[in-house]
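# Pasted the sequence and its predicted model underneath.
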Amino acid sequence: MIVSINFVVIAQDSSDGPAVNLASRQICSVPPSLKTQQVIADNGRNQVKMGDRIRIRVEGLSAATRNITANTTNPFDPRQLVLYLDGYELEDIHGEPVIVMVPGKDQQKIVDDNWLAFRLERADSSQTAWNALLGRANRYSINVIAGVGCPKKLAIPVSNPLSPPQLKIVLFSWRFWLCLFLIVAIVLIFIRYCRNTLRSPGIEGVYSQREVIGGQELLIAEKVNLDKENRKSRIAQFFLGRKKLNRNPFSLSISQLAFWTFLIFGSYLIIYGITGDYTNVLTSQSLVLLGINSVTAFGTSLIDGQGDEKKRKGSQRLSEGFFYDILSDINGVNFHRFQTFIWTVAIGLFFVWEVIKNLAMPEFDETLLTLQGISAATYLGLRGQEQHGMTKSVESTSQEDSTSEQPLPTEEDNPPEIKK
């Protein structure tokens, strides 16, 4: 499992990054005659979504490009120019010269080669600029002024300051709603058909009950009926099905693994639905978090599986509700379970907040990940010391009880001795 996680992290680090433009290594110098005039999307409108390509018309670009060979002391290459949005430089997003057919005289199409094409992508180098832009967005979109300029400098002026080239970036497009629908559908299917996979392993219908026999507290196996009953609400009955009584309790480690699985999976789809980026979304810290919880669930299964079938561990008690089940064992609420629960909730809330704020999975530091690992190790260490019920069959227990409680024969039943 650890080797697989390492391969995923290595593959992520070596994934397709922003292409390096060799022209950007030269000294960038913009002629003073260049001015930003217009911005449109490939569909010809001023409304786009992240991941789309836009085209910016730069007045005087064609003439400056034709003079490259003439000016050898200070050459100009339009591929050196990068995209600016509201003055924020989007590093590594270089322009590509394109030709656009525009209406000329008598409504005839003419060739215009004063355009540069950019793709609204978010890379690691431009993440700070995107966070600043998305942080002041309204509910559905952001309005920005598009421009071009040399890297690490200011954007070139616009041709008309009273009407600068503006662009509307829509965040909640059809791609976002499709991803949101997929997340809701998966969650509802899990709740309807797979929620019982979060329960502790063991024989259903058999639980342990503490009794004091001969001054000694013992765990006596009991058997209950797994009856079903209809739920009161039709909506609950449709989404949850019929209620099954006397089920096994929910497992903390399995629930924790499911929590982080759905949280990372949902965040991945939400980020992709808004930004259109699916290659630079997952972080190594999110994979480490998922790996820690996977190891915790695996270690819990090993602890429960030790011993023979008659002495196999497992929280053999009846379910008393989700939160009470994950915070307690057969003896009641335990602090190490509560500690694991509160740290999981705290880090999970911080994770969700960073995704909503920056549209990116957070970069946890080593201290926080170490704290999560210590909490998981503490839970595993004390999990093995918990008192568990035995899953031995009720029939054998009843037979042992019947033999131990069998009355001794009375004197009347014994035949009288014959004296010689």
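Received the coordinates, thanks.
# going forward, measure contacts and count neighbours with C-alpha atoms only.
Fine.
# Any idea what Y88 is bridged to?
Note on Y88: beta-bridge partners by DSSP bridges are L85.
# any idea how far it is from L167?
Distance of Y88 to L167, computed by C-alpha to C-alpha, to the nearest Å: 14 Å.
# Also A346?
From A346 across to L167, the span is 38 Å (C-alpha to C-alpha).
# neighbour-wise, which of the two wins?
Per other C-alpha atoms under 10 Å, whichever of A346 and L167 has more neighbours is L167, with 21 against 10.
# where's that one, which helix or strand?
strand 166-170 (DSSP states H and E).
# Name the residues that touch that strand?
For strand 166-170, the surrounding residues in contact (C-alpha atoms under 8 Å, 6 or more residues apart in numbering) are 39-40, 46-50, 140-146.
# Secondary structure for those - can I get that in TSV?
Putting the contacts of strand 166-170 into TSV (DSSP: H, G, I helix; E, B strand; the rest coil) gives the following:
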residue	secondary structure
V39	strand
I40	strand
N46	coil
Q47	strand
V48	strand
K49	strand
M50	coil
Y140	coil
S141	strand
I142	strand
N143	strand
V144	strand
I145	strand
A146	strand
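# Of these, keep whichever come out buried.
Among those, the ones that count as buried by 16 or more other C-alpha atoms under 10 Å are 39-40, 46-50, 141-146.
# where do the strands sit along the stretch 301-420 of the chain?
Residue ranges of the strands in the stretch 301-420 of the chain, as given by DSSP state E, counting those that start in this stretch, are 328-329, 332-333.
# Surely I292 and I374 touch.
No: assessed by C-alpha atoms under 8 Å, I292 is found out of contact with I374, at 10.0 Å.
# quick one: the helices in the protein?
Listed in chain order, the helices of the chain (DSSP state H) span 2-13, 61-66, 127-135, 174-189, 234-240, 252-275, 284-304, 322-327, 335-358, 366-383, 394-404.
# which helices and strands sit right next to the third one?
By that I understand helix 127-135. strand 88-94, helix 335-358 (3 or more C-alpha pairs under 8 Å, 6 or more residues apart in numbering; DSSP states H and E).
# give me that answer again for 6 Å
Judged by 3 or more C-alpha pairs under 6 Å, 6 or more residues apart in numbering; DSSP states H and E, helix 127-135 is in contact with no other helix or strand.
# what would the buried ones among the contacts of strand 166-170 look like in TSV with pLDDT and distance to L380?
Below are the buried ones among the contacts of strand 166-170 laid out as TSV (pLDDT from 0 to 100; distance: C-alpha to C-alpha, whole Å):
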residue	pLDDT	distance to L380
V39	90	58
I40	88	58
N46	74	56
Q47	83	53
V48	86	50
K49	86	46
M50	85	44
S141	82	46
I142	86	47
N143	87	51
V144	88	51
I145	90	54
A146	90	54
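# Distance to F176 for these - can I get that in TSV?
Shown next, in TSV, are those (distance: C-alpha to C-alpha, whole Å):
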residue	distance to F176
V39	24
I40	22
N46	19
Q47	16
V48	13
K49	10
M50	11
S141	13
I142	16
N143	19
V144	21
I145	24
A146	24
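# which residues does G147 bridge with?
Y84.
# That one and Y84 touch, don't they?
Yes: G147 is within contact range of Y84, at 4.9 Å (criterion: C-alpha atoms under 6 Å).
# Among those two, which residue is more densely surrounded?
Counted by other C-alpha under 10 Å, G147 and Y84 do not tie: G147 has more neighbours, with 30 against 23.
# So the chain: which segments form each domain?
As assigned by automatic domain parsing, the chain contains the domains 19-171, 177-199+249-389.
# And for the residue nearest to V30 when sequence neighbours are not counted, the neighbour number?
Among residues not flanking V30 along the chain, F76 sits closest, at 6.6 Å (C-alpha to C-alpha, 6 or more residues apart in numbering). By the measure other C-alpha under 10 Å, the count of residues near F76 is 24.
# Low-confidence bits of this structure, can you list those?
The model of the chain has pLDDT under 70 over residues 1-26, 68-75, 136-139, 202-246, 305-316, 384, 386-420.
# which secondary structure elements does the lengthiest strand in it contact?
Counting by DSSP state E, the longest strand found in the chain is strand 109-119. Under the contact criterion of 3+ C-alpha pairs under 6 Å, 6+ apart, strand 109-119 touches strand 53-59, helix 61-66, strand 96-103.
# OK, contacts around D325?
By C-alpha atoms under 6 Å, 6 or more residues apart in numbering, D325 lies in contact with P249, F250.
# Excluding sequence neighbours, find me the nearest residue to C28.
Leaving out its chain neighbours, the residue that sits closest to C28 by C-alpha to C-alpha, 6+ apart is C150, at 5.9 Å.
# ok, so what distance separates the one you found from E121?
Distance, C150 to E121, by C-alpha to C-alpha: 18 Å.
# With S33 instead?
Taken as C-alpha to C-alpha, the span from S33 to E121 is 28 Å.
# Compare those two (neighbour count), which wins?
A count of neighbours by other C-alpha under 10 Å puts E121 above the other of S33 and E121, at 19 against 13.
# Ramachandran angles for that one?
phi -110, psi 150 (degrees, to the nearest 10).
# For the closest residue to it other than its chain neighbours, grab the count of nearby residues.
Residue nearest to E121 in three dimensions, not counting chain neighbours: G51, with 5.3 Å by C-alpha to C-alpha, 6+ apart. By other C-alpha under 10 Å, the residues close to G51 number 16.
# Just to check, G51 is in contact with G276?
Yes: applying C-alpha under 6 Å, one finds G51 in contact with G276, separated by 5.1 Å.
# how near is the nearest residue to G373 once chain neighbours are set aside to A41?
Nearest residue to G373, sequence neighbours excluded (C-alpha to C-alpha, 6+ apart): I292, at 6.5 Å. Distance, I292 to A41, by C-alpha to C-alpha: 44 Å.
# what does K357 give?
Distance, K357 to A41, using C-alpha to C-alpha: 26 Å.
# that older thread, out of the buried ones among the contacts of strand 166-170, which is nearest to S62?
V39 (16.5 Å; C-alpha to C-alpha).
# If that closest one is in a bridge, with which residues?
Here V39 sits in beta bridges with I56, going by DSSP bridges.
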